[in-house]
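> fold the following and give me the result.
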Amino acid sequence: MLPLLGTGCVAAHSGNTQSWQSQLNTDHELVGKIWDSERDQFIDSPELLSRIEGASYLLLGEKHDNPDHHALQLRVLDHALSSQNVANVSFEMMTSEQQPLLENLPALQQSSLDEVREHLLWDNDGWDWEFYGPLLGSALSAQVEISAANISGDEMMKVYGEPSPAEIADVLDEQTMAALARDIDESHCGMLPESQFPAMVRVQQARDFAMANSLSPRGEQWAQVLIAGNYHIRRDLGVPNYILHAQPNLDARQIVSIAFMEVEESSAEPREYLQQFGDIKAYDYIWFTPAVSDEDYCASMRQP
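Below is the predicted model:
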């Protein structure tokens, strides 16, 4: 088995008096608070950690470049791992091409996270190892399986050119597919030709399907953890739909979705952050943090 890999300490963020690595809107009234969307109330971090203990699927979201999201993910992940009933931790940040490298990890006896990064051919340009190394290190120290959740570049190109198989295409209804297309248009700042919408929707679905598929059920006593972007863990549009489609008898309450989300200066209403489609709450919980930047991404995209 792999030797114990140190991951460092994570400070608990429980409110506005705590220090944050992100420095924008630190005085916002929602910063440090946790919103329970089902009960429409705030809860504290010990209550949240208590509630995740019986989950079969724990989905931890993020904004990829926010260091506080990764620190809080690590706090939640370490709590889940301490129960010793986690079977697998799956990462959006690795593709199917890296899965054989993950499977070889136990035999290679890496003694440092840097050696793990080198072995996995980690894409540090796309995914900052400073953020994800500690998460991988905790999973390795707990001696649980680690899975690559994303599709490869070659698989993505195939999805672009071919219809989705029924096991993917039949999961979302027409209205939900339309909502997905609208969100993809908005995320591309309205600059994506409408002719590209179907292919982009297929890619999003294929990625969510792959992430759900990387979480292989092991029985009620075992939990599966996914580390992925906030959009992927949405209950109304993302990975939970594919888990439930594959396991129609699964109680939806066994899936817990926690979004780590930056506050917006203009909004102190937690319900507005759900961006909910239909009656299904997008997330079970939202843990609010300061923001990394207030750059207008779309404005910069539209500059000549």
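> K63 against V292, yeah?
Yes - using Cβ atoms under 8 Å, K63 is in contact with V292, at 7.4 Å. Where C-beta positions appear, they are placed from N, C-alpha and C, glycine not excepted.
> now the helices for the protein?
Using DSSP state H, the helices assigned to the chain run over residues 45-51, 67-82, 99-108, 113-119, 129-141, 153-161, 166-169, 174-187, 197-213, 239-246, 297-302.
> in the stretch 101-250 of the chain, where is pLDDT below threshold?
In the predicted model of the stretch 101-250 of the chain, residues 110, 218-221 satisfy pLDDT under 70.
> quick revisit: anything in contact with each of K63 and V292?
E262 (Cβ atoms under 8 Å, 6 or more residues apart in numbering).
> count the residues that sit near H188.
By the criterion of other Cβ atoms under 10 Å, H188 has 15 neighbours.
> now it. Nearest residue, chain neighbours left out?
Setting aside the residues directly before and after it, H188 is nearest to M200 in space (Cβ to Cβ, 6 or more residues apart in numbering), at 7.9 Å.
> separation between that neighbour and E155?
Taking Cβ to Cβ, to the nearest Å as the measure, M200 falls 15 Å from E155.
> likewise for Q41?
42 Å.
> quick one, which of the two is more surrounded?
A side-by-side neighbour count of Q41 and E155, using other Cβ under 10 Å, places E155 first with 17 against 10.
> give the contact list for the more buried one.
Applying Cβ under 8 Å, 6+ apart to E155 gives the contacts 95-96, 206.
> would JSON lines of the helices of the chain with distance to P270 be doable?
Shown next, in JSON lines, are the helices of the chain (distance: least, Cβ to Cβ, whole Å):
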{"stretch": "helix 45-51", "distance to P270": "14"}
{"stretch": "helix 67-82", "distance to P270": "16"}
{"stretch": "helix 99-108", "distance to P270": "37"}
{"stretch": "helix 113-119", "distance to P270": "35"}
{"stretch": "helix 129-141", "distance to P270": "25"}
{"stretch": "helix 153-161", "distance to P270": "34"}
{"stretch": "helix 166-169", "distance to P270": "32"}
{"stretch": "helix 174-187", "distance to P270": "20"}
{"stretch": "helix 197-213", "distance to P270": "25"}
{"stretch": "helix 239-246", "distance to P270": "20"}
{"stretch": "helix 297-302", "distance to P270": "23"}
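> which one of the ones you listed lies closest to I34?
helix 45-51 (5.4 Å; Cβ to Cβ).
> what lies in contact with that closest one?
12, 14, 34, 43, 75-76, 79, 256, 258, 285, 287.
> can you show me the strands along the stretch 201-304 of the chain?
When secondary structure is read from DSSP state E, counting those that start in this stretch, the stretch 201-304 of the chain shows strands at 223-227, 255-262, 285-289.
> for N150, find the nearest of these.
When the strands of the stretch 201-304 of the chain are compared by Cβ to Cβ, strand 223-227 sits nearest N150, at 11.0 Å.
> work out the gap between that closest one and the centre of the chain.
Computed by Cα atoms, centre = their mean, to the nearest Å, the chain-centroid distance of strand 223-227 equals 9 Å.
> what does it rub up against?
Contacts with strand 223-227, where a contact means Cβ under 8 Å, 6+ apart, come from 55-60, 62, 73, 77, 80, 83, 85-93, 132, 135, 149, 211, 214-218, 232-233, 239.
> looking at the helices of the chain, spot the one closest to F277.
Closest to F277 of the helices of the chain, according to Cβ to Cβ: helix 174-187, at 4.5 Å.
> who's in contact with the residue nearest the centre of the chain?
Central residue of the chain (Cα atoms, centre = their mean): A228, 2.2 Å from the mean position. Shown in contact with A228 (Cβ under 8 Å, 6+ apart): 59-62, 91-92, 149, 211, 239.
> repeat the analysis, applying 10 Å as the threshold.
Contact analysis of A228 by Cβ atoms under 10 Å, 6 or more residues apart in numbering lists 59-62, 64, 90-93, 149-150, 207-208, 211, 214, 238-239.
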